[in-house]
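Peer 1: After the sequence you'll find the predicted model.
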Amino acid sequence: MTASRHNPLPALLAAASLLAGGCLTTGSGDSSANRNPSAWRPPVADLAARTGSVGARPLRPDDTVEVFLHIPAGDKSSKISDVVDTFGVITLPLVGDIKVGSLTTSEAEKTIASAYVDGGYYQKIDVTVVCQSMMQERLYYVEGSVRKNGSFTWTDNLTLRSAIINAGGVNDFANRVIELTRGGVTTKYNLNQIERGTVEDPPIQPGDILKAQERWL
């Protein structure tokens, strides 16, 4: 009598189904926390002082900065406080004068680290730059389809329209709908209607996030 051969296909298909299910359920299990970008944004002071990407203004004269230096070899750390002078320069141990004016904090970190490594002082150094002046400022943020994304200093009587103008206005890809996020709540405004005076030009508060939507092509 010939023994029947076992067909492995059903078992393989079942295993594949279990693996796929596992991939889909891996993680926190609740994706709702990721639906609102404002829910996971860093605090306003952190954005102002620490982000060197879109959102941070460049360093400028009279800014008070703290430079944290950490040398992994030997695990040594130090902190230097200085004020950016009229030439955009701060002074650091060993390397002397370093021009950081017009750089974001992130760019300044890279410049300082390169000065220490290229100068032969250390093979590796970790640099953190914190601008105390920015932390004391009251800022709002503009992103999306505008000509200049970033953080801007809040002023009295600032409105949505003037805030967008400060960002260079909307670009050619914008649909002129502006999202205003405040305290995790997002409200949409039509810039055309604001300019025509048919709807209110809402006041902007420190910490507000404005996003110009992009039109669908």
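Peer 2: Yes, it's here.
Peer 1: any idea whether residue 165 is helix, strand or coil?
Peer 2: For residue 165, the secondary-structure state derived from DSSP: H, G, I helix; E, B strand; the rest coil is helix.
Peer 1: what does residue 114 give?
Peer 2: Residue 114 - assigned by three-state DSSP - is helix.
Peer 1: Give me the neighbour count for it.
Peer 2: A count of nearby residues for residue 114, using other Cβ atoms under 10 Å, gives 14. For glycine as for every other residue, the C-beta is placed from the backbone atoms N, C-alpha and C.
Peer 1: And the closest residue to residue 91 other than its chain neighbours, which helix or strand is it part of?
Peer 2: Nearest non-adjacent residue to residue 91, counting by Cβ to Cβ, 6 or more residues apart in numbering: residue 97, 5.4 Å away. Residue 97 belongs to strand 96-99 when assigned by DSSP states H and E.
Peer 1: Quick check: buried residues in that strand?
Peer 2: Residues of strand 96-99 classed as buried: residue 98 (neighbour count, 16 or more other Cβ atoms under 10 Å).
Peer 1: Can you name the residues that contact the residue nearest to residue 91?
Peer 2: Residue 97 makes contact with 89-91, according to Cβ atoms under 8 Å, 6 or more residues apart in numbering.
Peer 1: Name only those of those that count as buried.
Peer 2: residue 90.
Peer 1: can I get the contacts of residue 97 in JSON lines with pLDDT, distance to residue 83 and secondary structure?
Peer 2: Below are the contacts of residue 97 laid out as JSON lines (pLDDT from 0 to 100; distance: Cβ to Cβ, whole Å; DSSP: H, G, I helix; E, B strand; the rest coil):
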{"residue": "89", "pLDDT": "97", "distance to residue 83": "10", "secondary structure": "strand"}
{"residue": "90", "pLDDT": "98", "distance to residue 83": "8", "secondary structure": "strand"}
{"residue": "91", "pLDDT": "97", "distance to residue 83": "10", "secondary structure": "strand"}
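Peer 1: any weak-confidence spans in the protein?
Peer 2: 1-56, 217 (pLDDT under 70).
Peer 1: Which parts of it are strands?
Peer 2: Here the chain has its strands, by DSSP state E, at 64-71, 76-83, 89-92, 96-99, 126-131, 139-144, 150-153, 174-182, 185-190, 209-214.
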